[in-house]
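Chemist: Sharing a model prediction with you, sequence too.
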Amino acid sequence: MSFPPQPPPPSGPNPYASPPFAAPVTSFATVASQSRMEYMRSYQYIFENPDWLKNVLFLGLLYIAAVIPGVNLLIQVVYLGFQFEIIESLLKSQGRQYPNFDFGRFGDYLGRGIWPFLANMVASFVIIPLFYIGLLVGFLAVGGIVSAAGEEMGPAIGITIGAVLLVLFIAGFIALSLPMAAMILRAGLAQDFASAFQFDWISDFCKKMWLEMFVAGLFLSATATVLLLLGVVAVCIGVLFTLPLVIMASAHLLYQLYVVYLSRGGMPVTVKITAQPMVGPPM
């Protein structure tokens, strides 16, 4: 018995084969509905999750492990990874939801937090030495001027110049910290180390958001100081509750900075999407 001739196999890709896995990406350019910062919102949103207390406790317990030598840096990376999962969820839900902290996803947090951590470390190696070199040069210059002015005028001139230099150094430190914050934000969103050094994006972000970044830094520093002092007063155990609030507030401030930046015509970052569940009330 003879069989009819079979058609030759297709030369192209198999149409029935499963497509290779690739993490979905998006620019989230369409979420730019917030045109100004809402600083208190960075704390308020925490309590809209029905599991907020559990999240705070878990993050606080993780902080206890940071006292173990060599574990502190690891915990910092995990915190960064969770912060950027919060940011991604807020972008997905337009600010309405964020995920619960899950010890089962510890490795995912490490994998996500390593990129902004490395970007911050590399930038610190360059920026922080520049700051201290400038500080040293300033002190030497003041000392030389005071010596040249003599015993009568020297102290008054030294105090005056020292006060001016102090203001300049503070302004310089803030100016140097702004591009570092932009680099961390971009590396965390893109989940890519090299992406942190796209200097045209960093420059554009700082030009559009420098004032909001400055105010957000002051707001977070002030509220963190108050909360951590309250935690210390509460037999030091309170820090385990207040520190997680600061960590989650920092994530929301970064989210707001990015969304406001987009609303001002900023360049969106291509964000890799993870599959973490989001929890929060519909709004």
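Modeler: That came in fine, so what should we check first? Numbering: from 1, shown residues only.
Chemist: what residue ranges in the stretch 51-200 of the chain score low on pLDDT?
Modeler: Applying pLDDT under 70 to the stretch 51-200 of the chain flags the ranges 131, 142, 146, 149-151, 154.
Chemist: again, only this time at 50
Modeler: Applying pLDDT under 50 to the stretch 51-200 of the chain flags no residue at all.
Chemist: how many other residues sit next to residue 44?
Modeler: Other residues near residue 44 come to 11 when the count uses other CB atoms under 10 Å. Bear in mind the C-beta positions are built from the backbone N, C-alpha and C, glycine included.
Chemist: So it versus residue 252, what's the distance?
Modeler: 9 Å (CB to CB, to the nearest Å).
Chemist: same deal with residue 155?
Modeler: The gap separating residue 155 from residue 252 is 47 Å, by CB to CB.
Chemist: Comparing the two, which residue is more hemmed in?
Modeler: Neighbours were counted for residue 155 and for residue 252 using other CB under 10 Å; residue 252 has more, 24 against 12.
Chemist: Can you get me the start-to-end distance on stretch 258-267?
Modeler: Length of stretch 258-267, first residue to last, CA to CA, to the nearest Å: 10 Å.
Chemist: That stretch - what's its average pLDDT?
Modeler: On average, the pLDDT along stretch 258-267 is 95.
Chemist: Off-centre distance for the helix or strand where residue 180 lies?
Modeler: For residue 180, the host element (DSSP states H and E) is helix 106-190. Averaging C-alpha positions (CA atoms, centre = their mean, to the nearest Å) puts helix 106-190 19 Å from its chain's average.
Chemist: on contacts alone, who are the packing partners of the helix or strand just after that helix?
Modeler: The C-terminal neighbour of helix 106-190 among helices and strands, as given by DSSP H and E, is helix 199-233. Packing partners of helix 199-233 (3 or more CB pairs under 8 Å, 6 or more residues apart in numbering; DSSP states H and E): helix 41-44, helix 106-190, helix 239-263.
Chemist: Helix 199-233 to helix 106-190, inter-axis angle?
Modeler: The directions of helix 199-233 and helix 106-190 differ by 130 degrees, with axes from the mean of the first three to the mean of the last three CA atoms, to 10 degrees as the criterion.
Chemist: how far does helix 199-233 sit from the chain's center?
Modeler: Counting by CA atoms, centre = their mean, helix 199-233 comes out at 10 Å from the chain centroid.
Chemist: In that helix, which residues are buried?
Modeler: Using 16 or more other CB atoms under 10 Å as the test for burial, helix 199-233 gives 201-202, 204-206, 208-209, 212-213, 216, 219-220, 223-224, 227-228, 231.
Chemist: thinking again about what came up before, so the helix holding residue 180 versus helix 239-263, what angle?
Modeler: 30 degrees.
Chemist: Who are the packing partners of helix 106-190?
Modeler: In this structure, helix 106-190 packs against helix 72-93, helix 199-233, helix 239-263, strand 271-272, with contacts taken as 3+ CB pairs under 8 Å, 6+ apart.
Chemist: just the angle between that helix and helix 72-93, please?
Modeler: Counting by the same axes, to 10 degrees, helix 106-190 lies at 60 degrees to helix 72-93.
Chemist: from memory residue 145 sits against residue 160, does it?
Modeler: No: applying CB atoms under 8 Å as the test, residue 145 and residue 160 come out as separate, 9.9 Å apart.
Chemist: Same drill for these two, tell me which one is more crowded.
Modeler: Just comparing residue 145 and residue 160: by other CB under 10 Å the higher neighbour count belongs to residue 145, 16 against 12.
Chemist: need the contact list for that one.
Modeler: 157-158, 161 (CB atoms under 8 Å, 6 or more residues apart in numbering).
Chemist: from those, which is closest to residue 167?
Modeler: Nearest to residue 167 among the contacts of residue 145 is residue 161, at 11.0 Å by CB to CB.
Chemist: Only alpha carbons, please: show stretch 214-233 as CSV.
Modeler: Listed next in CSV are the C-alpha coordinates belonging to stretch 214-233 (Å, rounded to 0.1, in the frame of the first residue of the first chain):
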residue,chain,number,x,y,z
PHE,A,214,15.1,69.0,47.6
VAL,A,215,11.8,69.4,49.5
ALA,A,216,11.1,65.6,49.5
GLY,A,217,14.6,65.1,51.0
LEU,A,218,13.9,67.6,53.7
PHE,A,219,10.5,66.2,54.4
LEU,A,220,11.7,62.6,54.7
SER,A,221,14.7,63.6,56.8
ALA,A,222,12.5,65.6,59.2
THR,A,223,9.8,63.0,59.5
ALA,A,224,12.3,60.2,59.8
THR,A,225,14.1,62.0,62.6
VAL,A,226,10.9,62.5,64.6
LEU,A,227,9.7,58.9,64.0
LEU,A,228,13.1,57.3,64.9
LEU,A,229,13.3,59.5,68.0
LEU,A,230,9.9,58.3,69.0
GLY,A,231,11.0,54.7,68.4
VAL,A,232,14.0,55.2,70.6
VAL,A,233,11.9,56.7,73.4
